[in-house]
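J.: Dropping a prediction and its sequence here:
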Amino acid sequence: MNYEPVVSEMNDDLRVVIVGSGRVGLQTARLLDERGHDVVIVERNPDRVERALDSYVATVIEGDATRPSVLEQVGLDRTDVFAAMTDTMGTNLSASMIVERLAPAVHTVVRVPHDDVGEYEPYADEFVCPERAGAAAATNAILGQGVRTVEGLPGELQLFEIEVTPQAPVAGKPLSAVSLPHGSVVLSGAAGHRVADSETELEAGHAYLVAVEPAVADEVTQLFRG
Amino acid sequence: MSQTPGGSSQREPQASLGLLDATMVGIGAMIGAGIFVLTGLAADIAGPAAILVFALNGGVTAFTALSYAELASAIPKNGGGYAFVREAFPAPIAFVMGWTRWFTYMAAGALYALGFASNFVEFVHLYVPALPAGPVVAGGPSWTIVYALGMVALLVALNAVSTDAASGAETLVTLVKIAILLVFVGFGLFAARIAGFQPFFPEATTGGIGLAGPVVDAVGGTGGALAVLPAMGLTFIAFQGYDLIATVTEEVENPRRNIPRAIILSLVATVVIYLLVIFVAIGTLGADRLAVAGETAIAEAAEGFMPAIPLLGTGAALVGFGAVFSTVSALNAVIIGSSRIAFAMGRERQLPARLGRIHHRFGTPFTAVLASAAVMFVAVVVVPIQVVGNLASLFSLLGFVVVNLSVIKLRRDRPAMTRPFEIPYYPVPPILGIALNLLLGLFIGGRTWLLACGWLVLGVGVYLLVSRIGADDRSDPEDEYA
């Protein structure tokens, strides 16, 4: 992940400001709190403020995050990451742009409604699409354990965890004997302890981590699942 | 991939404390050693007015308790007072707060360790008169210090290798402590005489035992009604502990409502119990003999009027047991409390980062516990008990001033911050809290202020050193963090 300013200080507890405490915002706040980070929530809806307070995972600022007078109350000077997580793109973008202006050092993350970030790229450090992540999780559940999307990568690339079935074309063969389509690579061996090499054998019943470009996802799945 | 590395999530405390349990955390930390250890010392200075001393201290503390309640309801962090001040003020002020809170807990720990040792000798002598007491070698350190150090070492070892010692049966332990005190009060109310309270204030004397503050020295004596003030300064530490509730917030059910309530309830309950106990102690034994008994005053009083209880032994034995039991549990509480502050400051890089790490095998803030223990050891060996009590009280008072200031500053800077509990009649309580805490601080002896300044100067050195090293440290990836 291209997340350098933050990752290099992973030992520190981060101070994270989250705008919006709807389902996505509040759940994010919970996960961050569980991992020991300090969270501040900005929320303007009084009902959702109550709900955020009940969860007791964050200090809650009640107000509109697109107003500088509200953002000045979150303690931006000590903030490491600012995440705009409302379901309204306009709110997220204007809040993060105010933060870019008030505190340029803060890492900004913006929730977007679809994958196509394109034109917004210059206006935040990181974009996240919860709908897409949710759809990936749903797909995993629907298809069962055979092929799982492990992690949403920043670009198009997908990381699959695929279990080789006995009837699969590649079952029982070393990687050197298998020709995978361009745009795909097997990353880890059967036990998941070491990076795969040409000697790695694709055993039936074992799972492998495979990086796949969308164009060949179908083909790779067929090779591993039969 | 939701697993956290190292299985740290397994140790995540569960929300399991109800309002009663949370209140017990506060009561348990307050009714530890304070009442057993300090009653005699307060009677020494203020005579029968010792009861007024504890009543007024309860009142003064109540203002700060309201501030803690408001901040804890709005800022869900485990660091207690340090975390709140970190939110309101720039880094250097937060450092001073953490640095003095840390010392408060350690000084309180030294006080409780010494109180434990005296009561332990007293209690064991009822059964085993052969237990060595007095100086170890002629002119050398006394056995009391040996026992005190032994107990500190034992509890530190427990807390360094296991987090279970931290949680466990806190509510039960506290109920036992309260029950013993209530048995004492139950018998004592029949035996207490109002005559024991006359004259209420001690006769005016010229001071000079190093306990009176600069103000009293200027006036020229510690006697009369004025004697209440230095005694308040000395015993303020007995109301230290409700703030521990703010350090276990993650374990409390429905925290936004229960934490403010638990803070206030525990203070009220503690004040009531203290007043009853002191009323009985003065009414039966008299202030003069309490003063002579010093750290074992309550056990001494119990001997006078309590009948032998089947299975439990004499009244003195029961209360002696209560004193030993309470000082140990309070000592345990402050060891945990002090190490949590050092840990929080380590996490914030205000103390060396090593203090903010969890041990890879034991899962405890190992270095923070050991560092706290080291300072406690020195305090036990080097500093006399009254000075230790004074130091703890002074830092406690100053820390509370800063907490009250934080409330005011956050109300101004962050009006939009939601406060599930709001201080009634704001801004009167925090302002009164600041004024009264400062007033009491002025009545603490000059020597204590000197020691306090010494600790602060040391702190400035540490702060400058850590912020210099910390800057280099950040670029340095630390991989063995667990």
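T.: Here it is on my side, so go on.

J.: thinking in terms of the whole chain, how far from its middle is stretch B:47-67?
T.: Mean C-alpha position of stretch B:47-67 versus that of the full chain (Cα atoms, centre = their mean, to the nearest Å) differs by 15 Å.

J.: Put the alpha carbons of it into CSV.
T.: Extracted in CSV, the C-alpha atoms of stretch B:47-67 (Å, rounded to 0.1, in the frame of the first residue of the first chain):
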residue,chain,number,x,y,z
GLY,B,47,-6.6,17.0,67.2
PRO,B,48,-10.3,16.1,67.2
ALA,B,49,-10.7,18.5,64.2
ALA,B,50,-9.3,15.6,62.2
ILE,B,51,-12.9,14.8,61.4
LEU,B,52,-13.4,18.2,60.0
VAL,B,53,-10.1,17.8,58.0
PHE,B,54,-11.5,14.8,56.2
ALA,B,55,-14.9,16.3,55.7
LEU,B,56,-13.5,19.5,54.1
ASN,B,57,-11.1,17.5,51.9
GLY,B,58,-14.0,15.5,50.7
GLY,B,59,-15.7,18.7,49.7
VAL,B,60,-12.7,20.1,48.0
THR,B,61,-12.2,16.9,46.0
ALA,B,62,-15.8,16.9,44.9
PHE,B,63,-15.2,19.9,42.6
THR,B,64,-12.4,18.1,40.9
ALA,B,65,-14.4,14.9,40.7
LEU,B,66,-17.0,16.7,38.7
SER,B,67,-14.3,17.8,36.3
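
J.: Next, the buried residues of it.
T.: B:47-58, B:60-67 (16 or more other Cβ atoms under 10 Å in any protein chain shown). The way it works is simple: take the backbone N, C-alpha and C, and place the C-beta from them, glycine included.

J.: Check stretch B:290-307 too.
T.: B:290-291, B:293-303, B:305-306.

J.: With adjacent residues omitted, what lies nearest to the residue of the stretch 251-400 of chain B found nearest chain A?
T.: Using Cβ to the nearest Cβ, residue B:255 is the residue of the stretch 251-400 of chain B that sits closest to chain A, at 4.4 Å. Of all residues not flanking residue B:255 in the chain, residue A:56 sits nearest, at 4.4 Å (Cβ to Cβ, 6 or more residues apart in numbering or on different chains).

J.: Can you give me the pLDDT of that neighbour?
T.: According to the prediction, residue A:56 has pLDDT 86.

J.: Now for it, how many residues are close by?
T.: Residues lying near residue A:56 (other Cβ atoms under 10 Å in any protein chain shown) number 22.

J.: Might you list the low-confidence residue ranges for chain A?
T.: Within chain A, the stretches with pLDDT under 70 are A:1-12, A:145, A:151-155, A:190-193.

J.: one more time with 80
T.: A:1-13, A:34-36, A:114-118, A:140-141, A:143-158, A:189-194, A:214-215, A:226 (pLDDT under 80).

J.: quick one, helices of it?
T.: In chain A, the segments counted as helices under DSSP state H are A:4-7, A:23-34, A:46-55, A:68-71, A:89-102, A:130-143, A:217-225.

J.: Serialize the ones you listed to JSON lines and add fields for mean neighbour count and distance to residue B:21.
T.: Below are the helices of chain A laid out as JSON lines (neighbours: other Cβ atoms under 10 Å in any protein chain shown; distance: least, Cβ to Cβ, whole Å):
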{"stretch": "helix A:4-7", "mean neighbour count": "12", "distance to residue B:21": "37"}
{"stretch": "helix A:23-34", "mean neighbour count": "18", "distance to residue B:21": "21"}
{"stretch": "helix A:46-55", "mean neighbour count": "17", "distance to residue B:21": "19"}
{"stretch": "helix A:68-71", "mean neighbour count": "17", "distance to residue B:21": "37"}
{"stretch": "helix A:89-102", "mean neighbour count": "19", "distance to residue B:21": "40"}
{"stretch": "helix A:130-143", "mean neighbour count": "13", "distance to residue B:21": "37"}
{"stretch": "helix A:217-225", "mean neighbour count": "18", "distance to residue B:21": "53"}
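
J.: Which residues of chain A lie near chain B?
T.: A:8-9, A:11-13, A:33-36, A:38, A:49, A:53-54, A:56-63, A:70, A:73, A:75, A:150-151 (Cβ under 8 Å from any Cβ of the partner chain).

J.: In chain A, which residue sits furthest out from the middle?
T.: Of all residues in chain A, residue A:177 has its C-alpha farthest from the mean position, at 34.5 Å, by Cα atoms, centre = their mean.

J.: any idea how far that one is from chain B?
T.: Using Cβ to the nearest Cβ, to the nearest Å, residue A:177 is found at 30 Å from chain B.

J.: same thing with residue A:110?
T.: Note on residue A:110: its distance to chain B, by Cβ to the nearest Cβ, is 22 Å.

J.: so what's that residue up against?
T.: Contact analysis of residue A:110 by Cβ atoms under 8 Å, 6 or more residues apart in numbering or on different chains lists A:83, A:84, A:92, A:93, A:96, A:120, A:123, A:124, A:126, A:127, A:128.
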